[in-house]
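sequence and predicted structure are below.
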Amino acid sequence: EYFYFTGCITYYDVGFKYLGLNMIESAENNLMLLNKMGIEPVISNDECCCGHDAFWSGDEETFKKLAAQNLEAIAASGARTVIFGCPEGYSMFREAYAEEFGPLPFEIMHITQFLAEKLEDSDMSFSDREGRTITFQDPCRLGRRSGIFDAPRKLIELVQGTRLEEMEHNRENAVCCGTTAWMECSSCSKAMQKKRLDEAKAAGAQILVTACPKCQIHLTCAKKNTDQDIEIMDLGSFLAANLEQDTEK
């Protein structure tokens, strides 16, 4: 029924240990939430990078090879819905894959869309006993490119005790994390990241939640050059950390 597209998160896990990040944890937490709802998606060793970075760097030949392999892996699974943990994968399938290969023979959903639709009807509950203030970083591929703004905020608001405060620039006006396709992270990029962290601080947030691994990586890296102690978390991990433990399994 379902295919969970893991994407490049395992490679990020290897590459960014020096930032103190455990990137694979976000995929594990997404799957834990799905499993608790009785959903056991296909996880395939045959999937590969969605081709986002190759596509946006102009390497169309590599993109087409990667895309063809992914479409073959999904077709072999028989899944009717593909759930993406990464906004870049979701936006690539929605736009570039559909343009290159025609209408997709399966439904696609970002994990925030899927959870926002399903969690309220589940027996899971979430609570932050510390009563912390949260702000949300809109990933550019999820927000401006795919128009998904409400779903992640709905999920944050499911966590009882938290306060969601918006940064000065949010939704379609959100400031991006400054770098994509692993191109040069220049002084301009760092200035954008620093501005974003300043906006989170001005919002009074103790936790900056995002739904994109690259946002998490770049903002965590930029934080090392500031005196800020704001926590930067993936949305799935934020939900998992606040899941009520006495919830029926």
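That came in fine, so what should we check first? Source: prediction; values computed, not measured.

ramachandran coordinates for T210?
Per-residue torsions, T210: phi -130, psi 170 (degrees, to the nearest 10).

how deep is it tucked in, by neighbour count?
Taking other Cβ atoms under 10 Å as the criterion, the count of residues near T210 is 26. For glycine as for every other residue, the C-beta is placed from the backbone atoms N, C-alpha and C.

residue contacts, it?
Residues in contact with T210 (Cβ atoms under 8 Å, 6 or more residues apart in numbering) are 136-137, 139, 216, 219, 232-235.

of these, buried ones?
136-137, 139, 216, 219, 232-235 (16 or more other Cβ atoms under 10 Å).

in strands, which of these appear?
Members of the buried ones among the contacts of T210 lying in strands (criterion: DSSP state E): 136-137, 232-234.

please, which helix or strand holds V82?
strand 81-84 (DSSP states H and E).

buried residues in the lengthiest helix in the chain?
For the chain, the longest helix by residue count, based on DSSP state H, is helix 60-77. Along helix 60-77, these residues count as buried under the neighbour rule (16+ other Cβ under 10 Å): 63-64, 66-67, 70-71, 73-74, 77.

then stretch 193-202?
Buried, per 16+ other Cβ under 10 Å, within stretch 193-202: 193-197, 199-201.

what is the nearest of those residues to G147?
Within the buried residues of stretch 193-202, the smallest distance to G147 is 20.6 Å, found for R196 (Cβ to Cβ).

I'd assumed that closest one was in a helix, is it?
Yes. Per DSSP: H, G, I helix; E, B strand; the rest coil, R196 lies within a helix segment.

turn the buried residues of stretch 193-202 into a markdown table, including pLDDT.
Formatted as a markdown table, the buried residues of stretch 193-202 follow (pLDDT from 0 to 100):
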| residue | pLDDT |
| --- | --- |
| Q193 | 89 |
| K194 | 89 |
| K195 | 91 |
| R196 | 91 |
| L197 | 94 |
| E199 | 94 |
| A200 | 94 |
| K201 | 94 |
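
quick one on the thing from earlier: can you redo the ones in strands among the buried ones among the contacts of T210 as CSV with pLDDT and distance to E244?
Below are these laid out as CSV (pLDDT from 0 to 100; distance: Cβ to Cβ, whole Å):
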residue, pLDDT, distance to E244
F136, 97, 22
Q137, 94, 25
I232, 95, 24
M233, 95, 18
D234, 94, 19
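
with those residues in mind, which one is nearest to D128?
Of those, the one sitting nearest to D128 (Cβ to Cβ) turns out to be M233, at 11.7 Å.

bridged to the residue nearest to the closest one when sequence neighbours are not counted, which residues?
Of all residues not flanking M233 in the chain, V209 sits nearest, at 5.3 Å (Cβ to Cβ, 6 or more residues apart in numbering). Counting by DSSP bridges, V209 forms beta bridges with F136, M233.

what's the spacing between V209 and P152?
8 Å (Cβ to Cβ, to the nearest Å).
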